[in-house]
Each structure stands twice: as C-alpha cells, then as structure tokens.
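> okay, predicted coordinates and the sequence, questions at the end:
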Amino acid sequence: QVQLIESGGGLVQAGESLRLSCAGSGRTFSSFTLGWFRQAPGKEREFVGGMSWTGAPGMADSVKGRFGISRDNAKSTLYLQMSSLKPEDTAVYYCAARVSGILSTRAADFTSWGQGTQVTVSS
C-alpha cells in the first residue's frame, strides 16, 4: 500500500490552467501504476489519466489534448497538468495507485486512494 496526498486544486476560470500533484509515501513509489480519477456531484467516478509503473501514459478521450500526465519517481510524485479548462471539468480529483500491472481505467482496479482535491471551473 501507499499513502497518497493530492494538492493543487482550486477555483479557476474557463480556459485557464492548473497542475495537480499527488505525493506518495514509501520507497517503492516507482513500482506503482498510478491514475487520476474525478467525480462530479451526482456522477460516477471516472478515469482521467494515468501512467503505468513502466512509464506508459494514457488519457481519457474527454481530456486528450488538454491534460497531460507525468511522474517523478525520485520525488514520489504524480502530476496532472490541466489546460484549457472547461466548466464540465469541475469535480473532485483523486489520485490512485495499484501495485505494478497495466494502466487500468477502472477505479475498482486501484487499491490506494488519496483524499481528493476540488477543482472548480467557472464560466
């Protein structure tokens, strides 16, 4: 297991950018496949993007071209760079981890979760 702490959320206007960070504990951060999910009020948690433990990235179609993902294993940190934000991106964003394995888009495949950070995009 790994403990995850998200940061970087906030209130922005449409078209602006934000970078979310997810800091992990432990010395085996590099062995985790990591993902970002989001959940808006009244909606199911959905996959946003992620990166496997081998460094292979994947993004949801809804954010491709606007969001990017990266990880710094030396700092045990996963990043989500969000640009051209839209009101429909408003949600609580969660970081998640699973030991090795392929990058999955299913929340049930991830075993460790952060507490979430709120992102609100005003029109």
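Okay, I see it.
> what pLDDT does Arg66 get?
On pLDDT, Arg66 comes in at 98.
> and Arg27, by the same measure?
69.
> what about the strands in the protein?
Using DSSP state E, the strands of the chain run over 4-7, 10-13, 18-24, 32-39, 46-51, 57-59, 67-72, 77-82, 91-99, 112-113, 117-122.
> out of those, nearest to Thr105?
strand 46-51 (4.0 Å; C-beta to C-beta). For glycine as for every other residue, the C-beta is placed from the backbone atoms N, C-alpha and C.
> circling back to that earlier point, CSV for the strands of the chain, including mean neighbour count and distance to Thr105?
Formatted as CSV, the strands of the chain follow (neighbours: other C-beta atoms under 10 Å; distance: least, C-beta to C-beta, whole Å):
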stretch, mean neighbour count, distance to Thr105
strand 4-7, 18, 18
strand 10-13, 13, 26
strand 18-24, 20, 17
strand 32-39, 24, 8
strand 46-51, 22, 4
strand 57-59, 16, 8
strand 67-72, 18, 13
strand 77-82, 22, 15
strand 91-99, 22, 11
strand 112-113, 17, 15
strand 117-122, 17, 19
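> export the ones you listed to a markdown table and append columns for distance to Arg106.
Converted to a markdown table, the strands of the chain look like this (distance: least, C-beta to C-beta, whole Å):
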| stretch | distance to Arg106 |
| --- | --- |
| strand 4-7 | 18 |
| strand 10-13 | 28 |
| strand 18-24 | 18 |
| strand 32-39 | 9 |
| strand 46-51 | 8 |
| strand 57-59 | 12 |
| strand 67-72 | 17 |
| strand 77-82 | 18 |
| strand 91-99 | 10 |
| strand 112-113 | 13 |
| strand 117-122 | 21 |
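> ok, Gly26 to Val92 distance?
Gly26 sits at a distance of 24 Å from Val92 (criterion: C-beta to C-beta, to the nearest Å).
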